[in-house]
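Q: next come a sequence and a model predicted from it.
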Amino acid sequence: MSILLSSKSRVVTQGLGSVGKFHLKGCRDYGTQMVAAVRPGKGGTSWEGVPIYDTVSDAVKHAGADVSVIYVPPPGAADAIMEASEAGIALIVCITEGIPAADMVKVQRYLEGRPSRLIGPNCPGIITPGQAKVGIMPGYIHKAGRVGVISKSGTLTYECVHQLTQLGVGQSSCIGIGGDPIIGTGFIDLLRLFNDDPDTDAVCMLGEIGGAAEIDAAAWIKANMKKPVAAFIAGKTAPAGKRMGHAGAIISGGKGTAAEKIAALEAAGLKVAPSPADIGSTLVAAMKG
Amino acid sequence: MNVHEYQGKALLARYGVRVPRGEVATTPEKAGEIARDLGTAVCVVKAQIHAGGRGAGAVVDNAAEAGEVFHANLAREGLPKHTRKGGVRVVKSPAEAVEAARSILGKLLVTRQTGASGREVRRILVEEGCDIGRELYLSVLLDRSCGRVAIMASPAGGMDIEKVAAETPEKIFRETVDPAVGFRPFQARRLAFGLGCKEPKLDAWAKFFQAIYTAYVELDCSLLEINPLVETKDGDLLALDAKVSFDDNALYRHADVRELRDEHEEDPKERQAAKFDLSYIALSGNIGCMVNGAGLAMATMDIIHHHGGEPANFCDVGGGATTEKVAEAFKIILADASVKAVLINIFGGIMQCDVLAQGVVEASKQVGVKVPLVIRLEGTNVEEGRRIIGASGLNIITAADMADGARKAVEAARAAG
């Protein structure tokens, strides 16, 4: 198996604009069951053979959707997440970049106590190589295998996966958790799932400057993780006080630097790649112990 | 997005937060008029720039002096203090206000936050003086660890709050807000008690905190900091300073806030980049970078450093790097005279490498790139992409992978000296 996503997952697309359409096709071509799309007011029609519904509830009821992928633009994205959760969707993947933080504060509160898991926002999505992909990553660079990947970034994740695949190391599942200050699922949630997954042997964790999620993860790993973890932290050379592309990638008040995160990870016994070109080889070294 | 102190205070006043009376001036004469109209025995003249530490900063005449003062006195804590006048002056007459304004306006103010180049002062705020009883601290921010808004208060005002938090954490009082019910009065009262508030001022203080929180939420702020928050000798609260930053992602729904943007306070290259939906940040090295994706862009800076070079910038051209965007990114990167080589690092995922290569080739021809150009391409249709670059006739150095690209860029920059 793998975590969260498999060939059995049934996916509904929320936000069927040009981006949503492009990736709906890409995910379907990869073999994912893209069973529905939601476009309020267009219910009852279809696009490229995919039935369109007015609401997510209808997509759950009539198409059996249990995963949602969201491309809705920022002003409506928070609402789209809440709608998916209310409809009983188990896994919500929000790709949208640029959602106001205040909207995510409300989303986070809304999701409390509900069974839905949110991945993102501002992320590339999730892929279980050989089975299904939900998001915008290029499927072909992946290879089915037994290493889990968790990352705050998009293209840096592709870089990491590419290195692993080149080394002959396949992946169980790869998840982009997103670069925003407030995200649905963090490093620890996923580390826990990989730790318990019988089909994952090791984990690659890609962090960056800003916040303290990597430091919290380091403490969790030290206390609980039974499998080797290799890490890379981007932004060693980033200046303080500047937002480095991602809304959450900012060193503020001297906190959230790459140096302090690397120190915490190393103190927890992890191998940290000295350069982004060494992520794959660092993971291989970590697996050898 | 950040705004000036006077703009932040005007916004807060709208929500019922008490701030000193005052007005902004761009000429010494106007500063004198404002002081005269205020009619108080003491006024304060404050330079308006988007950087903290203005009072302890130094007003200087030119960039050379700014660099000197910064490196000798402000760059690190524990360095000797400078002897120049700062950006905040207490004056006792309209004539003194004119004099103070004249000595600040048009000059450079260098503080520990401005960097060595300092900032030109274009506006000053002239305010009434006030009777300071105690200096306190108040801020509202997003607590990333729990995804909620937090309000922090401390009786240790006027100081560096990170230092207070690290050295005397018992002096920090903190309330986290449940967005379902908002900031509750009992929480506001608890903060007031923490700051040593006594009856009959309890309600007034609690209302003050509520007003600050309401402003934060309604304006979609990312940080609202009052340091110092003053308790006057009468026991009332007054926002003596105001640092207000806004969530860029929410600016689309605040037209009035967008109008407060002061372009003079922003790096012109960063502003130009934003127009083309590029994310660019100037750094001090000599190797220009152009990368798709923020994480990979940061990692590219890091790998240049790892191989002994220094990046000149952070530049994320996004997932869909079109010819137009690449050309614009080239122009911005090359406008920096210290750039001796450029490293392009593209991982073509959804975007195909051949399309990207075509864009890079056309843009290089259009812009006329004169410095060595190193390209590392990987991903979809990479062979065709490399072929296009090879056949372009341009003097482009291709790299096999990220490390190879970084090494070649560092070498090229060294050779170009």
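A: That came in fine, so what should we check first? Numbers count the residues shown, from 1 in each chain, chains lettered A, B, ... in the order given.

Q: measure A:Leu164 to A:Met287 for me?
A: A:Leu164 is 11 Å from A:Met287, where distance means CB to CB, to the nearest Å. For glycine as for every other residue, the C-beta is placed from the backbone atoms N, C-alpha and C.

Q: what about the two, which has more around it?
A: A:Leu164 (25 against 16; other CB atoms under 10 Å in any protein chain shown).

Q: confidence score at that one?
A: The model reports A:Leu164 with a pLDDT of 97.

Q: quick one, what contacts the closest residue to it other than its chain neighbours?
A: Leaving out its chain neighbours, the residue that sits closest to A:Leu164 by CB to CB, 6 or more residues apart in numbering or on different chains is A:Gly280, at 4.9 Å. Counting by CB atoms under 8 Å, 6 or more residues apart in numbering or on different chains, A:Gly280 makes contact with A:160, A:163-164, A:166-167, A:169.

Q: so how far is chain B from A:Gly280?
A: Separation of A:Gly280 from chain B (CB to the nearest CB, to the nearest Å): 11 Å.

Q: likewise for A:Thr45?
A: From A:Thr45 to chain B the distance is 26 Å (CB to the nearest CB).

Q: surely that residue is in contact with A:Asp54?
A: No. Between A:Thr45 and A:Asp54 there is no contact under CB atoms under 8 Å: 10.2 Å.

Q: and those two? Which one has more around it.
A: A:Asp54 (14 against 11).

Q: low-scoring stretches of the chain, by residue?
A: Looking at chain A here, since you left the chain open. Chain A contains residues with pLDDT under 70 at A:1.

Q: my bad, the chain I had in mind was chain B
A: Judged by pLDDT under 70, the stretches of chain B that qualify are B:319-321, B:350.

Q: care to break it down by domain?
A: B:21-128, B:132-258, B:268-416 (automatic domain parsing).

Q: and the shortest one, how far apart are its ends?
A: Terminal residues of domain B:21-128 lie 6 Å apart, using CA to CA, to the nearest Å.

Q: before we move on, what about stretch A:231-245?
A: Terminal residues of stretch A:231-245 are spaced 21 Å apart (CA to CA).

Q: is it up against chain B anywhere?
A: Yes. Counting by CB under 8 Å from any CB of the partner chain, chain B has neighbours in stretch A:231-245: A:232, A:234-239, A:241-245.

Q: a helix runs through B:Ala204, doesn't it?
A: Yes. In this structure, B:Ala204 lies within a helix as judged by DSSP: H, G, I helix; E, B strand; the rest coil.

Q: got a list of what the closest residue to it other than its chain neighbours touches?
A: Closest residue to B:Ala204 apart from its sequence neighbours, by CB to CB, 6+ apart: B:Asp236 at 6.7 Å. Contact analysis of B:Asp236 by CB under 8 Å, 6+ apart lists B:18, B:201, B:204.

Q: quick check: the nearest residue to the second one once chain neighbours are set aside vs chain A, distance?
A: For B:Lys201, the nearest residue in space outside its immediate sequence neighbours is B:Gly235; the separation is 4.9 Å by CB to CB, 6+ apart. Using CB to the nearest CB, one gets 31 Å for the distance from B:Gly235 to chain A.

Q: ok, how many other residues are close to the nearest residue to B:Lys365 once chain neighbours are set aside?
A: With CB to CB, 6+ apart as the criterion, B:Lys365 has its nearest non-adjacent residue at 7.2 Å, and that residue is B:Leu394. Using other CB under 10 Å, B:Leu394 has 14 other residues around it.

Q: what do you get for B:Ala64?
A: When counting by other CB under 10 Å, one arrives at 9 neighbours for B:Ala64.

Q: and it, what element?
A: Element membership for B:Ala64 (DSSP states H and E) is helix B:63-69.

Q: just checking, what packs against that helix?
A: Judged by 3 or more CB pairs under 8 Å, 6 or more residues apart in numbering or on different chains; DSSP states H and E, helix B:63-69 is in contact with strand B:58-60, strand B:108-110.

Q: need the ones you listed in TSV with distance to chain A, can you?
A: Putting the helices and strands packed on helix B:63-69 into TSV (distance: least, CB to the nearest CB, whole Å) gives the following:
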stretch	distance to chain A
strand B:58-60	20
strand B:108-110	16
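
Q: okay if I get the ones you listed as CSV plus mean neighbour count?
A: Formatted as CSV, the helices and strands packed on helix B:63-69 follow (neighbours: other CB atoms under 10 Å in any protein chain shown):
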stretch, mean neighbour count
strand B:58-60, 23
strand B:108-110, 26
